[in-house]
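A.B. asks: Compute the structure for the input listed below.
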Amino acid sequence: LNPIDDDIIIFSGYNFEREPIKGDLKINDEDGKLTYSQVIEGLINHKWNLRDFPFDTQKLNFSFITQVDTSVVRINNSPKKLNSFNENNEFLSDGYTLNKMYHKKSFVEGKEKILIAPNTRRKIVFEKITYILELSRGGSWLYIKLFFGGFISFIISWLIFLVPKRELDSRTNIAVASIFGALGNKYFVEQSLPNVQVLMKADIINNLVIVLIVFNIIMMITQANKKLKFLRIKSNKKVMVVSGLIFVLTNLLVL
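C.D. replies: All right, here's what the predicted structure looks like:
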């Protein structure tokens, strides 16, 4: 800060306490400039963008705005600590990584007017600075954790084609078990996430697993019904290869 007035009050853009936040004001011995510092702890609201969950990137915005006109107070980064942050990242929850930090500045026009020259007035202008912390989620382990049950259900549906075709009852039992397992995993994932009205990658993956299990069931039915020749694949090995390739390619496409 390079202030003209000794009385400096900074407002947080998130209004932690809805009151002016006062900090330490010191004079730099080298250049005589005043330095303002304040430590703030509090909860803020954040609009999560979960479209790419569990491989999402979040941007946390911390905004600060001056209380007086820019002719009195201007905001500048510290020349010693430009966009720095704690390398230990102790404030982050497990599974998150702080990729980078940057800032942007803007001006906000107030409603009041000030006199800048004889018979000349203009609206008061505040300076606003926003620091953006870009966080990424370690999605690989979370991906396995959330969808492990669905993948196991898909593998169980593969077992259909290891059972002789004449044992239709055994095949049917395996098919039912796999579809219920996939639906149960989908319910588990949905209960683990906040209720958002957007289509997430997690939803797409769950739906793909269910669709592929249904595909395996349809292939089983066509093998048992000779009338469905246009969909019929006689070889169990070919069905497993086709189903497996579709599973891998669709997951890679989504990720």
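A.B. asks: now stretch 172-186, how far from the centre of its chain.
C.D. replies: Distance of stretch 172-186 from its chain centroid, counting by C-alpha atoms, centre = their mean, to the nearest Å, is 30 Å.
A.B. asks: I'd like the mean pLDDT over it, please.
C.D. replies: Averaging pLDDT along stretch 172-186 gives 90.
A.B. asks: now stretch 239-255
C.D. replies: Averaging pLDDT along stretch 239-255 yields 85.
A.B. asks: List the buried residues for that stretch?
C.D. replies: Applying a neighbour-count criterion of 16 or more other C-beta atoms under 10 Å, one finds Val239, Met240, Ser243, Phe247, Thr250, Asn251 buried in stretch 239-255. C-beta coordinates here come from the backbone N, C-alpha and C atoms, glycine included.
A.B. asks: Quick check: longest strand in the protein by residues?
C.D. replies: Secondary structure of the chain per DSSP state E: the longest strand is strand 96-117.
A.B. asks: Who are the packing partners of that one?
C.D. replies: Judged by 3 or more C-beta pairs under 8 Å, 6 or more residues apart in numbering; DSSP states H and E, strand 96-117 is in contact with strand 120-137.
A.B. asks: what's the angle from the strand it packs on to strand 96-117?
C.D. replies: Between the axes of strand 120-137 and strand 96-117, defined by axes from the mean of the first three to the mean of the last three C-alpha atoms, to 10 degrees, the angle is 180 degrees.
A.B. asks: contacts for whichever helix or strand comes after strand 120-137?
C.D. replies: Downstream of strand 120-137, the first helix or strand assigned by DSSP states H and E is helix 139-158. The list of residues contacting helix 139-158 from outside it, by C-beta atoms under 8 Å, 6 or more residues apart in numbering, reads 53-56, 95, 174-175, 177-179, 181-182, 184-186, 188-189, 192, 202, 205-206, 209-210, 212-213, 216-217, 240, 243-244, 247, 255.
A.B. asks: Thanks a lot, catch you later.
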